[in-house]
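Colleague: Okay, predicted coordinates and the sequence, questions at the end:
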Amino acid sequence: MRSFEYARPETEAEALELLAEHGGNTAVLAGGTDLMNLLKRDVIQPARVVDIKNIPSWRGLKPQDGGVLIGANTTLDEINEHALAADYRSLIDVIEGIRAIQITANGTLAGDLCQLPHCWYFRNGYGLLAMQDGESLVATGDNRYHAILGNSGPAKFVSASRFAPSAMAWDAKVRLVTLARSASEGADAVAPKEEWLPLDYFFQTPKVNSQGVTVLKPGQLITHVWLPAASDTRSATYEVLELCGLDQPQASAACCLGIDGGIVRSAKIVLGHVAPTPWIAHEAAKWLVGQPLTSDIAETAGRMALAKATPLSHNDYKVQMAETAVKRALLKATNQLGEIL
Amino acid sequence: MATELKVAWGPRKDNVYLGKEITRLDGVEKASGAAKYAADANPKGCLFAKVLSFKGGAGKVKSLDLSEALKVPGVKAVHAFVKEGDELQWDGTLVAAVAAERQEQAEDGVRAIKFAFDAMEHFVDEDDLKGAEAAKRTKDLGNNTKGDVEAALKTAAVVHKGSYGIATISHMCLETHGSCTRWEDGKLIVNHSTQNVSGTPANFVSELQKQHNISVDVADVTVLCQFVGGGFGSKFGADDWGAAAAKMSKEAGRPVRLMLDRATELKIAGTRPSGFADVTIAADKDGKIVAWDSHHWGTNGGMKGGTLNLAQFPYVFDFENRNRKATGLITNSGPDRAWRAPPHPQLCALTDTAIDDIAAKLGKSAVDVFLANLENITGPALEKLIPTYTAEIKRAAELIGWSKKWHPHGKGGDGDVKRGLGMAMHTWGGSAHAGTCTVRINPDGSVESLSGTQDIGTGTRTAIAMVLAETFGITLDAVKVRYGSSVYPRSGPSGGSTTIGGVSGPNRRAAIAALGKLFDVVAEKHKVKGNDLTAKGGKIWSGTKEICTWKAACGLLGMMGIETTGEGPKDDGLTSVQVGGVQMADVSVDTKTGIIRMNQFVAVQDCGLIVDLLTAKSQVYGGLIMGIAYSLTEEQILDNKTGRYINADMENYKLPRIGDIGELIVEMYQPDSEYERGVIGLGEPPVISCGAAISNAVANATGVRVPTIPLTPKRVLDALKAAKA
């Protein structure tokens, strides 16, 4: 890989300064589980890598505002083992599905949310949108793993985050910080700027290569993820994984359900790996409310969630996979899903 | 009178080591990391080389300028594999190499190379026969006919037409291809990741002469390889990159280590050719196949236009009425190299699937139909195996519980997940390769074997030690096995399951000759007859009378001890040829996601006399795991649009994890009649039947044939959808 500066701040203020320099051409190293791949393949060329693992305030889980605050340094194993996370079943489902100690011991929730697409054109150096001579390589090339929803624009990759569907279903918020100009301190002065953003608004579908897959600006990062109170919400994630080990899901779905008297009172369903962003199935969730969650109802919800799918030339099969993921996530959340395989 | 000992294996019941489960002698070295591979070689002053490889479908070199690379700090040597005007015919073709003090400096050097090319038309779709014909990318590889297929089809009880296929896969050696080369006093020393220690010096010499006009005598080249991190048929030569490393090493006056990066390894270090077939198969009411008509095509990469050998198809069986035709596709993809049991896994995957489909059409169990067709096995070598196949099919069926679990195709359950059984059968030669060795009995009682063989992970070192310990009646730790250097007596390449016969025969012969000489000395000293002597339990015996200890006997030898030479193969019964083997798979298929999970996988395998039962079983376990990989997930994916090998990484070149393997049940078929056959190679056979057995199990579960292996979720769902339409 190329040479880069390595920085190891110990405070938030130091980190923000280090990230803001080099015009923001910096990369955050938390678990580093995907960053190393990107660097080795020369997909990204940061001037500086900022290792944030030594910032104590960004580590661990703690109660906050009735919910749970998870620091950006917290590893997936730490989340999995923490009592405060136990009620967020859909997140635990994802951790259990990773089945790779290298990732769970080092990887972080915030890092996963910021993961860049695994699209093979992108990783082979064709750019995020994989355009060549004004034409999408994905559209006419091998798109078996690409988007089946939200793919009418130039972006046809799928969102790589495995945790976004569940975290979004929980209405998670993320704390974003950056150094921003501070008018009160003088023309050149900068000061940390904090923002709490609902995760639903964190992801974006780029229209040009220079846009990112999230709203993060250069030098900006997630420091914490906040989950609302779990209360008695039922949740689950179902990932379609080809391999019984480290593998990218080919489709996934997560849901949070409020159920009272056997009837669904509230529902949120989010799909993963089917669109350039995590995909909220608004209509299917709305339709669920007021109904008992039976196997047939779950199946119908799955079909509704994919009703507007626009598969590409080689990925029609993903529609059924994603429908099945929705159905099984709903059944899993209500303890109705038996062992599949 | 000199002692005359008969060259043979001893009575099976008397064996102390042979046929027993002996842990491999280098297990701890390997598991602890102490074992040193070519990729670990780091002699003083070593430079590290990285390659620039072509990224495209096909192109012509417009310009190539390495001068900027030489200016990069740390860079000490560069090499161009191509020149202006050269055509680059597949993704990954080597363009240049850079050797530097540090690996990252070499990468900086690679990035500094100025390289431009003009894109050319490419064709990479290996199963698109019509597209290939339209693009004039086919080669007629002939056809031939036996009997009268048309007439047989008219009178057959059932006729089935099916399409079958098996995709190209790549060699994926854990230790990528490469070497560490250095020159000392005009002599070349190479730590080389190879299956061919004795044969590679001459290959280095010819490649250096041909490619770089560097002259060196074969006698001045030493190839060293104690451990290999995977080869499976792809590591027999010096390779262009090995010769380039030696050239850069000479120029820089420093050792150079050049191991291919993972992507380049997948792209150019050898593929297993693909095969696709349209088959018409017909049987009588009892399931006996009466007609076969096939047209198969595929590619062996490298713009060669080859595919599976016409003469080997159909596989194992041949039918009274048979037409066959083959077409090669000329694709812009990396060239093939022998891949474990070439090309039997593909032949089996295209034959035994069609047999399974005709069984299904008759509503019969595949076991019954395969048994009914054993009489369709022809030729002297294979006909002898019919009793073995019969026994193996029956035993495998018992082990997997076939009669209890079997159901007609498509009756695999009511839920989303369907379960099914499938079987397939195979054959392989496995004769001993030519090889020599030296065996020494030292005056202190220690014993040495020296040969220019290699242990490619199969347990060769352990097997040699066992043969000598058995022959001399001593313990394993008294035997020192020296191999992995071309300085030692020449031994054959480890390919085609030829090594176990290639080392056990010569070592047994040399050891028996040495033992005869030792007995001469003992007989003279103790006034007994040499021909009455035996060596067992660390002692020399005359009948039941103990004469002396092994050590005392060796002490009579004087300073020089005994040294003998063994050769092979010979027609003395120590080694033999041709095995069978049967496999049965029990799978579950999630029909909603297309995911397949292995429940059980049974292998019953013969291989003549087994030297080490433990490493023999390990071979079969490894074969099954490798087979599950190519059956379910592993394939080379070439993108039609860019012509690129788009999944040349560990994420998307999907290999199974331990959880994907299911329960493996391995039984070595070893009645006394097998022992009497002598030693036969075992490396290839267990990987052959996997594709067909698993595909057949999926067809049994779902009632739908997924035509092409690997049976990815996409292919399963696409096939289920097509069957519904």
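Modeller: Sure, I can see it. Residues are numbered from 1 along each chain as shown, chains lettered A, B, ... in the order given.

Colleague: The closest residue to B:His177 other than its chain neighbours and B:Gly301, how far apart?
Modeller: Using CB to CB, 6 or more residues apart in numbering or on different chains and skipping residues adjacent in sequence, the residue nearest B:His177 is B:Ala269, 4.6 Å away. The C-beta positions use only the backbone N, C-alpha and C, and glycine is treated the same way. Distance from B:Ala269 to B:Gly301, counting by CB to CB, to the nearest Å: 11 Å.

Colleague: and if you look at B:Gly435?
Modeller: Taking CB to CB, one finds B:Gly435 at 31 Å from B:Gly301.

Colleague: what about the two, which has more around it?
Modeller: Higher neighbour count among B:Gly435 and B:Gly301: B:Gly301, with 31 against 27, using other CB atoms under 10 Å in any protein chain shown.

Colleague: Let me see the contact set for B:Gly566.
Modeller: Applying CB atoms under 8 Å, 6 or more residues apart in numbering or on different chains, we find B:Gly566 in contact with B:Thr436, B:Cys437, B:Thr438, B:Val439, B:Gly505, B:Pro506, B:Asn507, B:Arg508, B:Arg509, B:Ala510, B:Ala511, B:Ala513.

Colleague: what bridges to it?
Modeller: Under DSSP bridges, the beta-bridge partners of B:Gly566 are B:Cys437.

Colleague: in chain B, which residue is closest to the centre?
Modeller: Centroid check for chain B by CA atoms, centre = their mean gives B:Arg340 as the closest residue, at 2.6 Å.

Colleague: before we move on, what SS does it have?
Modeller: coil (DSSP: H, G, I helix; E, B strand; the rest coil).

Colleague: And the pLDDT for it?
Modeller: Looking at B:Arg340, its pLDDT stands at 97.

Colleague: dump the residue contacts of it.
Modeller: Residues near B:Arg340 by CB under 8 Å, 6+ apart: B:Phe232, B:Gly233, B:Gly623, B:Met626, B:Gly683, B:Glu684, B:Val687.

Colleague: quick one: secondary structure of the residue nearest to B:Asp612 when sequence neighbours are not counted?
Modeller: Using CB to CB, 6+ apart and skipping residues adjacent in sequence, the residue nearest B:Asp612 is B:Ile22, 5.0 Å away. Judged by three-state DSSP, the three-state class of B:Ile22 is coil.

Colleague: Can you report how many residues neighbour B:Ile22?
Modeller: 20.

Colleague: Please apply the same query to A:Trp170.
Modeller: Neighbours around A:Trp170, by other CB under 10 Å: 26.

Colleague: now do A:Asp142
Modeller: Other residues close to A:Asp142 by other CB under 10 Å number 23.

Colleague: Ok, the one 3 residues further on next?
Modeller: The tally of other residues near A:Tyr145 (other CB under 10 Å) stands at 21.

Colleague: quick one: secondary structure of it?
Modeller: Here A:Tyr145 is recorded as coil under three-state DSSP.

Colleague: Enumerate every residue touching it.
Modeller: A:Tyr145 neighbours (CB under 8 Å, 6+ apart): A:His118, A:Cys119, A:Trp120, A:Val158, A:Gln248, A:Gln250, A:Asn315, B:Asn652.

Colleague: Per-residue pLDDT of the closest residue to the fifth one other than its chain neighbours, please?
Modeller: I take that to be A:Gln248. Leaving out its chain neighbours, the residue that sits closest to A:Gln248 by CB to CB, 6+ apart is A:His118, at 5.5 Å. pLDDT, A:His118: 98.

Colleague: isn't A:His118 right next to A:Ala160, touching?
Modeller: Yes. Shown here, A:His118 and A:Ala160 form a contact pair, counting by CB atoms under 8 Å, at 5.1 Å.

Colleague: Now for these two: what residues contact both?
Modeller: A:Gln248.

Colleague: Which one (most neighbours) among the contacts of A:Tyr145?
Modeller: A:Val158 (31 neighbours).

Colleague: Could you double-check that that one lies in contact with A:Gly150?
Modeller: No. A:Val158 is beyond contact range of A:Gly150, at 9.4 Å (criterion: CB under 8 Å).

Colleague: Assign B:Ser673 to helix, strand or coil.
Modeller: Using three-state DSSP, the structure places B:Ser673 in helix.

Colleague: Could you tell me how many residues sit around it?
Modeller: For B:Ser673, the neighbour count with other CB under 10 Å is 12.

Colleague: Show the pLDDT at it.
Modeller: Per-residue pLDDT puts B:Ser673 at 97.

Colleague: swap in A:Glu185?
Modeller: Value for A:Glu185, per-residue pLDDT: 64.

Colleague: Helices of the stretch 101-250 of chain A, start to end?
Modeller: A:101-106, A:109-113, A:120-121, A:137-140, A:164-169 (DSSP state H, counting those that start in this stretch).

Colleague: just so I know, which of those lies nearest B:Val479?
Modeller: helix A:101-106 (39.3 Å; CB to CB).

Colleague: Give me the distance from the closest one to the chain's centre.
Modeller: Centroid displacement of helix A:101-106 relative to its chain, using CA atoms, centre = their mean, to the nearest Å, is 17 Å.

Colleague: what sits up against it?
Modeller: A:Gly31, A:Gly32, A:Thr33, A:Thr75, A:Leu76, A:Asp77, A:Asn80, A:Ile95, A:Ile98, A:Leu246.

Colleague: List the residues that contact residue 75.
Modeller: Picked chain A for this. Shown in contact with A:Thr75 (CB under 8 Å, 6+ apart): A:Gly31, A:Thr104, A:Ala105, A:Asn106, A:Gly107, A:Thr108.

Colleague: Chain B was what I was after
Modeller: B:Ala69, B:Val98, B:Ala99, B:Ala100, B:Gln105, B:Ala106, B:Asp108, B:Gly109.

Colleague: so of those residues, which ones are in helices?
Modeller: B:Ala69, B:Gln105, B:Ala106, B:Asp108, B:Gly109 (DSSP state H).

Colleague: How many residues are close by the first one?
Modeller: Put plainly, it is B:Ala69. Neighbours of B:Ala69 (other CB under 10 Å): 23.

Colleague: Now for B:Ala269 and B:Gly301: what residues contact both?
Modeller: In contact with both B:Ala269 and B:Gly301: B:Gly334, using CB under 8 Å, 6+ apart.

Colleague: From the opening residue of stretch B:442-461 to its closing one, how far?
Modeller: The first and last residues of stretch B:442-461 sit 19 Å apart, counting by CA to CA, to the nearest Å.

Colleague: What residues sit buried inside stretch A:305-316?
Modeller: For stretch A:305-316, a neighbour-count test (16 or more other CB atoms under 10 Å in any protein chain shown) marks A:Ala305, A:Leu306, A:Ala309, A:Pro311, A:Leu312, A:His314, A:Asn315, A:Asp316 as buried.
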